[in-house]
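Asks: Sequence below, structure please.
(one chain, ligands or ions: 2)
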Amino acid sequence: MPSFPPAVKIVEVGPRDGLQNEPRDIPVAERIALIEGLADAGLRVIEAGSFVSPRWVPQMAGTTEVLAGLRRDAGVSYPVLVPNMKGLDAAARAEGVEEIAVFAAASEAFSMRNINCSITESLARFSPVVAAARARGWRVRGYVSCVLGCPYEGEVDPARVAEVAAELAALGCYEISLGDTIGVGTPLQARAMVGAVARQVPADRLAVHFHDTRGQALANVLAVLDQGIATVDASVAGLGGCPYAAGASGNLATEDLVYMLDGMGVETGVDLARLAQVGWRISDLLGRPPASRTSQALRAAQAG
Ligand code: HMG
Ligand code: MG
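Replies: Ligands and ions are numbered 1, 2, ... in the order given. Sure, this is the predicted structure:
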């Protein structure tokens, strides 16, 4: 019998990774309601937005206003993505930032398309960002994208993922999230990749971030839970994708993750019924059913 962690920390990325890919602008008040609803449902880490170029990702414009209007709960962290010093300065001017995330890639082509620089340049750019954030007493999370495949380059070597993850850890990121940006990976590949990275960065500093493009996200989580991974990124209602990864669909749905972990007796602190309601509200606003099968089943049961 594999040994699973007693508890999993869920990093809710819907208000950022989810909404950044929506064709329609979501009003600031709705972004705030989404984040507050997620906190009420028990999520303790909720990505609140990004300080990136509004020309690159217009959906995340207004993050300053989101942070200004947000009711903050004790014990909840509201990280924001920051790609450079300009983003850091904007985060510093905004209200209440205590945690940021920088984002690198394991593939050169994706790095160019996403942040307009090579992997090496991105790490050099992040170095002062991480240092300045830490000098302010902020925590910094690091992302590695394309850990199981790249939309432009195809296969990605786990050794390259491990290298980039180790560099982010060395810069001072307390946690490294490993992103299957386009949702191509399958469970044994996910295990091999996590195994390779964990030889460089201890598994208790790693998180997994699976997109569900091909229906593999939950299986991939299950495949790595006995490798010391106890932090999983997910997105309410399976919102999301990535504007620089054509065809990438939403993240693993938080509802599906919570349902599975509840069933395994793994603690998450999340109230599934409340979470589902939050997912219905944002899905209604977007005019489509939630991508989460658990959410759909709960809604059907409620409708009788
Ligand atoms: P660039 O064009 O090379 O930047 O973009 P630049 O420094 O030359 O500046 C160009 C313009 O952008 C200037 O404005 C700057 O002021 C402005 P102009 O003078 O032309 O009017 N600018 C900014 N504005 C606001 N905030 C900033 C900022 N920086 C420059 N921080 C840059 C480089 C990194 C800015 C750009 O490529 C960018 O914003 N990229 C963000 C892309 C992004 O957000 N992607 C989605 C997040 S990553 C993801 O989803 C994957 C993840 O979920 C994990 C996974 O699934 O794998 C994390
Ligand atoms: Mg993502």
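Asks: What about the residue of the chain found nearest ligand 1, how many residues nearby?
Replies: Relative to ligand 1, the nearest point of the chain is residue 179 (2.4 Å; Cβ to the nearest ligand atom). Using the backbone N, CA and C atoms, a C-beta is placed for each residue, glycine as well. Neighbourhood size, residue 179 [other Cβ atoms under 10 Å]: 30.
Asks: From what I see, it and residue 146 are in contact.
Replies: Yes - using Cβ atoms under 8 Å, residue 179 is in contact with residue 146, at 7.2 Å.
Asks: now the strands for the stretch 201-304 of the chain?
Replies: 206-210, 231-234 (DSSP state E, counting those that start in this stretch).
Asks: Does ligand 1 have contacts with the shortest one?
Replies: No - counting by Cβ under 6 Å from any ligand atom, ligand 1 has no neighbours in strand 231-234; the shortest distance is 7.9 Å.
Asks: ok, back up a step: burial-wise, tell me which of the strands of the stretch 201-304 of the chain comes out on top.
Replies: Among the strands of the stretch 201-304 of the chain, strand 231-234 has the highest mean neighbour count (mean count of other Cβ atoms under 10 Å), at a mean of 27.
Asks: Next, report how far that strand is displaced from the centre of its chain.
Replies: Mean-position distance between strand 231-234 and its chain equals 7 Å (Cα atoms, centre = their mean, to the nearest Å).
Asks: And stretch 284-292, by the same measure?
Replies: Offset of stretch 284-292 from its chain centre (Cα atoms, centre = their mean): 19 Å.
Asks: Equivalent analysis for stretch 127-141, please.
Replies: Relative to the mean C-alpha coordinate of its chain, stretch 127-141 is positioned 19 Å out (Cα atoms, centre = their mean).
Asks: And for stretch 73-81?
Replies: The answer for stretch 73-81 is 13 Å, by Cα atoms, centre = their mean.
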